[in-house]
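[1] Sequence plus predicted model, see below.
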Amino acid sequence: MRKDLMRMFIDAVTPPPIEMVIQEEQICTFDRKIGDVTGDGIDDFVYLTGHKKSPDAIYQEGITISVVDGVTNEVTEQVLDLNGGYGSALFLGDFNQDEISDIYVSISSGGSGNINYYYIYSFKDKTPVQLLDYQSLNQLYEWSVRFLDHYQVEVINDTLNQTYELNLSFKNKEFLQKYYDSEGKTREGVEGEVLPLGGLSPIMTPRGKGAYSLLSSQVIIGTAMVDHLGVIEIYLTYQEGKFIPYDMVIGEQGNIK
């Protein structure tokens, strides 16, 4: 009798293979989670699906959020407006403060700049509503980066008209010689930039278990992609239908905790 009950329990909490629910050839499951995302109080099965050119390929295409209703097995889908990427992953948490888990998706570009793509969707009442996409965060601020004499760098938020300074004097000699002469004067023609979104992490809030805000990060570089000067971290919370910045930290990479 105990074995039968255990078998029933395992069957109840084990998500059905998405291939059994969605009739499509060569569908791949990249990630899966269990949680109530529709708001009916019953756990749903959430999948990240798509296609690959071959079984051994790591590039993922046609990335789609698929939600299988925990009671009826009805499928609700949302195709992401992205050609493809690598290592796509899911996270479930309440970002829009309605006490229902939303679906957070992260996807890597696979490039040397460690640039990533992010989406957050609400599936309340089985209706996909986009709460965030990575492009809106990339367009949040305009930045300028200027090298100054004596191993200093100005990072300028052109949107807010705010200026921050980084001290590069701790960098090794080989690095500094790219940008400064032997007297610490800035070489002509050197410039920097702020890369698009590199990280977007859910962070818990005091609102209670399962409630999250976001911490974004963007790397500040010199003339080469590998020349990291510092990092910009922005804290965001969901208010009035969008994610609003409420704090910002800019510093040398490795010195921000």
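    Alright, I've got the coordinates.
[2] how close does Gly41 get to Val67?
    15 Å (Cβ to Cβ, to the nearest Å). In short, each C-beta sits where N, CA and C put it, glycine included.
[3] So Phe175: helix, strand or coil?
    Put simply, Phe175 is helix when judged by DSSP: H, G, I helix; E, B strand; the rest coil.
[4] Backbone dihedrals for Asp125, please?
    The phi and psi values for Asp125, taken as degrees, to the nearest 10, are phi 60, psi 30.
[5] ok, it - how many residues close by?
    Using other Cβ atoms under 10 Å, Asp125 has 11 other residues around it.
[6] before we move on, what about Gln135?
    15.
[7] is it fair to say it lies in a helix?
    Yes - according to three-state DSSP, Gln135 belongs to a helix.
[8] need the contact list for it.
    Under the criterion of Cβ atoms under 8 Å, 6 or more residues apart in numbering, the contact list for Gln135 is empty.
[9] gap between it and Leu92?
    23 Å.
[10] before we move on, what about Val79?
    For Val79 relative to Leu92 (Cβ to Cβ), the value is 19 Å.
[11] between those two, who's got more neighbours?
    Comparing Val79 with Leu92 by neighbour count (other Cβ under 10 Å), the higher total belongs to Leu92, at 20 against 13.
[12] where does this structure have low pLDDT?
    1-26, 208, 253-257 (pLDDT under 70).
[13] what about the helices in it?
    With DSSP state H as the criterion, the chain has helices at 2-13, 18-21, 134-138, 173-177.
[14] Check the offset of the third one from the chain's centre.
    What it means is helix 134-138. 10 Å (Cα atoms, centre = their mean, to the nearest Å).
[15] residues of that helix that come out buried?
    Buried residues in helix 134-138, counted by 16 or more other Cβ atoms under 10 Å: 134, 137-138.
[16] do the same with the last one
    Neighbour counts over helix 173-177 (16+ other Cβ under 10 Å) mark 175-176 as buried.
[17] Contacts only, for Arg146.
    Neighbours of Arg146 in contact, by Cβ under 8 Å, 6+ apart: 153-154, 156, 191-192.
[18] can you check Leu214 too?
    95, 132, 200-203, 235-237, 243.
[19] just checking, what packs against the longest strand along the chain?
    Using DSSP state E to define each element, the chain has its longest strand at strand 228-239. Identification of packing neighbours for strand 228-239 by 3 or more Cβ pairs under 8 Å, 6 or more residues apart in numbering; DSSP states H and E yields strand 152-157, strand 212-221, strand 242-251.
[20] partner strands of that strand, parallel or antiparallel?
    The strands beside strand 228-239 in its sheet (DSSP bridges) come out as strand 212-221 (antiparallel), strand 242-251 (antiparallel).
[21] got the CA coordinates for that strand in PDB?
    The C-alpha trace of strand 228-239 is given here as PDB (Å, rounded to 0.1, in the frame of the first residue of the first chain):
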ATOM      1  CA  HIS A 228      37.900  45.500 -18.400                       C
ATOM      2  CA  LEU A 229      38.000  48.800 -16.600                       C
ATOM      3  CA  GLY A 230      35.100  48.400 -14.200                       C
ATOM      4  CA  VAL A 231      31.400  47.500 -13.900                       C
ATOM      5  CA  ILE A 232      28.100  49.300 -13.600                       C
ATOM      6  CA  GLU A 233      25.500  47.600 -11.300                       C
ATOM      7  CA  ILE A 234      21.900  48.900 -11.300                       C
ATOM      8  CA  TYR A 235      19.200  47.800  -8.900                       C
ATOM      9  CA  LEU A 236      15.600  47.600 -10.300                       C
ATOM     10  CA  THR A 237      12.200  47.000  -9.000                       C
ATOM     11  CA  TYR A 238       8.800  46.600 -10.700                       C
ATOM     12  CA  GLN A 239       6.500  49.600 -10.400                       C
END
